[in-house]
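Colleague: Here's a sequence, model it:
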Amino acid sequence: MTKVQYAGKGHSNALVPLYVKGPGAELFLQRIKGADPKAATFWKFSGQYVDNTDVFHVVKTVLTP
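Modeller: Okay, the predicted model is just below:
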């Protein structure tokens, strides 16, 4: 079993890339909170980001009949 060690006791507040495709993917465009130029340069994309709770809300919207 691989051991994992975290330096902090709480959340890191680090951006994590999220790539979406398929039905409902466009719903993420409505939930963009801002853009991080450092992330854009590092990952070579727009740097736009959504709140992690928005992932739940978009998935719920797509899966609810």
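Colleague: ok, residue 46 - how many residues close by?
Modeller: 12 (other CB atoms under 10 Å). The way it works is simple: take the backbone N, C-alpha and C, and place the C-beta from them, glycine included.
Colleague: Please tell me the pLDDT value assigned to the residue most central in space within the chain.
Modeller: Geometric centre of the chain, nearest residue: residue 18, 4.7 Å, by CA atoms, centre = their mean. We have a pLDDT of 89 for residue 18.
Colleague: and the next element down the chain from the helix or strand bottoming out on mean pLDDT in the chain?
Modeller: Among the helices and strands of the chain, helix 37-43 carries the lowest confidence by mean pLDDT, DSSP states H and E, at a mean of 91. Using DSSP states H and E, the helix or strand that follows helix 37-43 in sequence is strand 48-49.
Colleague: Can you name every helix or strand that that next one contacts?
Modeller: Judged by 3 or more CB pairs under 8 Å, 6 or more residues apart in numbering; DSSP states H and E, strand 48-49 is in contact with strand 34-35.
Colleague: May I have stretch 11-21 as PDB, with CA atoms only?
Modeller: C-alpha atoms of stretch 11-21 as PDB (Å, rounded to 0.1, in the frame of the first residue of the first chain):
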ATOM      1  CA  HIS A  11      -7.400  22.100   2.200                       C
ATOM      2  CA  SER A  12      -4.600  23.200  -0.100                       C
ATOM      3  CA  ASN A  13      -6.700  25.600  -2.300                       C
ATOM      4  CA  ALA A  14      -4.800  24.300  -5.300                       C
ATOM      5  CA  LEU A  15      -6.400  24.300  -8.700                       C
ATOM      6  CA  VAL A  16      -6.900  20.900 -10.300                       C
ATOM      7  CA  PRO A  17      -7.500  20.500 -14.000                       C
ATOM      8  CA  LEU A  18     -11.000  19.400 -14.900                       C
ATOM      9  CA  TYR A  19     -11.800  18.200 -18.500                       C
ATOM     10  CA  VAL A  20     -15.400  17.600 -19.400                       C
ATOM     11  CA  LYS A  21     -17.000  16.100 -22.500                       C
END
